[in-house]
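Participant: can't give you the sequence, but here's the structure:
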């Protein structure tokens, strides 16, 4: 007895006979992580002192060390070396701009008196209800 020849199915026959391919569930892409809010510099208070607009960081007004330095300076026992430190703390990147503004036009120097007056006027402008002594 002879066996019938084995024939290979055609591609068309295989397509019809093949079981349906299961459909994968839709792919969900991961969500973008929440992007943190853009960096916002600390709030500032802008005041005009002697015709110059200056912005003072509110954080500087809540700094005990600054008030301690101001107290030392105003008590008369304070050292003049505190003046530049106070100005840098209050005016930050505007420090040089403030120095140029209070610079004596004739001598080109910035006196401690002018700096102390500018600091006092700035503090008074920041708190208009305070009394300047």
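Facilitator: Good, I have the coordinates. Here the structure is a predicted model, which is why all the values come from computation and not from measurement. Residues are numbered from 1 along each chain as shown.
Participant: residue ranges with poor pLDDT in this protein?
Facilitator: For the chain, applying pLDDT under 70 flags the ranges 1-2, 9, 11-21, 32-33, 35-37, 39-42, 77-78, 130-133.
Participant: which parts of the lengthiest helix in the chain are buried?
Facilitator: Assignment by DSSP state H gives helix 112-126 as the longest helix of the chain. Judged by neighbour count (16 or more other Cβ atoms under 10 Å), helix 112-126 contains these buried residues: 114-116, 118-120, 122-123, 125-126. C-beta here means a position set from N, CA and C on the backbone, and glycine is covered the same way.
Participant: now, among the residues you listed, which is nearest to residue 25?
Facilitator: residue 126 (61.8 Å; Cβ to Cβ).
Participant: sorry, back to before: for the longest helix of the chain, enumerate the helices and strands it packs against.
Facilitator: strand 44-49, strand 52-57, helix 64-74, helix 82-91, helix 95-102 (3 or more Cβ pairs under 8 Å, 6 or more residues apart in numbering; DSSP states H and E).
Participant: out of the ones you listed, deepest packed?
Facilitator: helix 82-91 (a mean of 19; mean count of other Cβ atoms under 10 Å).
Participant: who's in contact with it?
Facilitator: Residues outside helix 82-91 that contact it (Cβ atoms under 8 Å, 6 or more residues apart in numbering) are 54, 56-57, 60, 63, 65-66, 69-70, 72-73, 95, 97-99, 112, 115-116, 118-119, 122.
Participant: can you rerun that using 6 Å?
Facilitator: Helix 82-91 has contacts (Cβ atoms under 6 Å, 6 or more residues apart in numbering) with 54, 56, 60, 66, 69, 73, 95, 98, 112, 115, 119.
Participant: pick the one among those closest to residue 26.
Facilitator: The nearest member of the contacts of helix 82-91 to residue 26, counting by Cβ to Cβ, is residue 60 at 54.6 Å.
Participant: how about the secondary structure of the closest one?
Facilitator: For residue 60, the assignment made with DSSP: H, G, I helix; E, B strand; the rest coil gives helix.
Participant: could you give the number of residues near it?
Facilitator: Neighbourhood size, residue 60 [other Cβ atoms under 10 Å]: 20.
Participant: now residue 103
Facilitator: Residue 103 has 14 neighbours, counted by other Cβ under 10 Å.
Participant: no more questions from me, cheers.
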